[in-house]
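Participant: My questions concern the predicted model and sequence given below.
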Amino acid sequence: MSLRPLPDPPSPEWAPIVESIRKQYNEGLPFFNRALLQRVALQIHLYENGMLTNKPYAIENIRGDLVSLDIDPDTESPVFKDVRCNHGDRKNGPYIYYRSIQSMLTHRDMKQFDAEKAFLPLVVMFPSAAGRCHAHHVHESRSTSADDLQASILPTTFYPSELTTIFNLDRRAWEQSEQYAYLKGQLEAHSDRLSQIDSVVALGCGSLAHGRARCQFATTQHALAFSLRKVLSRMHPENSRVRQSLRQARKKEPVDLVVRGVLQDPAYTEVDEAVLSDMGMEIYKDPFGFLEMNDNSFVVSIDVNTPAQQIIENLARPAAIIRMTHVEELNGENVAQCTDPSSSRVNKMLLEEYDLVKLRYHEHLRHICLYIKKQKPEGKAGSNRASGSSSTKN
């Protein structure tokens, strides 16, 4: 399926640039690679520590050119605009704005034409209006005058102990659901392909609460990640029946959580991070969660507010992926407003390299599906995904 038609070009130079971008994408050039993400992360770190105050960011575009990008916390970018909804994932800056192939081809996120910057797959930005954000899917309840009086006395956010209790209730509800039982059965049925998984990487699961209102979409996604870690650890060779018996004899938990739990979401609050890290999960800042993905990871990426599907396709071939079910008019490659759209390369990867397992609808996960990597023929070497410069094909 071809990409949506381009809008009227802003300048005569635009058409050949678009065709160049399209050509490089169709040839398989990784627009997001590990070296690029590491370089940008380092520059953000230097800026946050006061060591990059008077120098522009240097970001490599897909042609291999280093592009200077000046950013100012008090001034909006003169070239780029972040067209996404703000779900709290850019409370402050600088932050990374990832450009999907759709944005690069239609230039809908550019305020003015700039031939050099048009080839950038990502940019560093500050929020255009700090604090202006909204959250979808927040669990709300009707309030009474007594509730309002109590709210005026209580703090504006949950204490970590409160949020831990709330999350554990939703976690228990998920693990008692028929949807989880069905998923668990499917994982066990494919244990031969999942037993070597070493990490569950969950991307953009959302903040557990907004103020003193919990978000059940976020708590259920995190509950899914926790349950995957437990089930996959039980399958791992380090948790053989003999080892489980030895652990029980020593009065330890029968299953050692050998599978790591990795979380990344710029929307996390300090309370979120405290709750989740105390429960054994590893919290990574953007882009380090992406960099933790490898071919033995199980990636959870459900309705993310960034082009995660395209980033995953560039960086790794995870052992398994849970994502939104593909619906062309919702998250297909021709949908203008989707923040995590598919693409021809994503579709090709999933079709040729993965087996699809349909999962059951859950009101707080909606229509999701499981992709399990196909077994490679013996003797066939694995691929080396996007580890070097974006100017070098992999």
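Facilitator: Yep, that arrived. Numbering: from 1, shown residues only.

Participant: CA atoms for contacts and neighbours, from now on please.
Facilitator: Fine.

Participant: Look up phi and psi at the residue nearest in space to the middle of the chain.
Facilitator: Closest residue to the average C-alpha location of the chain: Leu203 at 3.2 Å, with Cα atoms, centre = their mean. In terms of degrees, to the nearest 10, the main-chain angles of Leu203 are phi -110, psi 130.

Participant: Surely it touches Gln264?
Facilitator: Yes - if you go by Cα atoms under 8 Å, Leu203 and Gln264 touch, sitting 5.2 Å apart.

Participant: shared neighbours of those two, anything?
Facilitator: Residues within reach of Leu203 and of Gln264 at once, by Cα atoms under 8 Å, 6 or more residues apart in numbering, are Gly289.

Participant: Could you give the number of residues near the nearest residue to His362 once chain neighbours are set aside?
Facilitator: Closest residue to His362 apart from its sequence neighbours, by Cα to Cα, 6 or more residues apart in numbering: Gln179 at 6.7 Å. By the measure other Cα atoms under 10 Å, the count of residues near Gln179 is 16.

Participant: Gln179 in helix, strand or coil?
Facilitator: Under DSSP: H, G, I helix; E, B strand; the rest coil, the three-state class of Gln179 is helix.

Participant: Just give me the neighbour total for Asp109.
Facilitator: Neighbours of Asp109 (other Cα under 10 Å): 17.

Participant: circling back to that earlier point, pLDDT score assigned to the residue nearest to the centre of the chain?
Facilitator: Listed pLDDT for Leu203 reads 98.

Participant: which residues does it contact?
Facilitator: Contacts of Leu203 by Cα under 8 Å, 6+ apart are Leu263, Gln264, Asp265, Gly289, Val299, Val300, Ser301, Ile302, Val304, Ala308.

Participant: and the residues you listed, which of them are in strands?
Facilitator: Taking DSSP state E as the definition of strands, the contacts of Leu203 contribute Leu263, Gln264, Val299, Val300, Ser301.

Participant: For the residues you listed, could you give me JSON lines that also reports pLDDT and neighbour count?
Facilitator: What follows is these, written out as JSON lines (pLDDT from 0 to 100; neighbours: other Cα atoms under 10 Å):
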{"residue": "Leu263", "pLDDT": "98", "neighbour count": "28"}
{"residue": "Gln264", "pLDDT": "98", "neighbour count": "22"}
{"residue": "Val299", "pLDDT": "98", "neighbour count": "26"}
{"residue": "Val300", "pLDDT": "98", "neighbour count": "25"}
{"residue": "Ser301", "pLDDT": "97", "neighbour count": "22"}
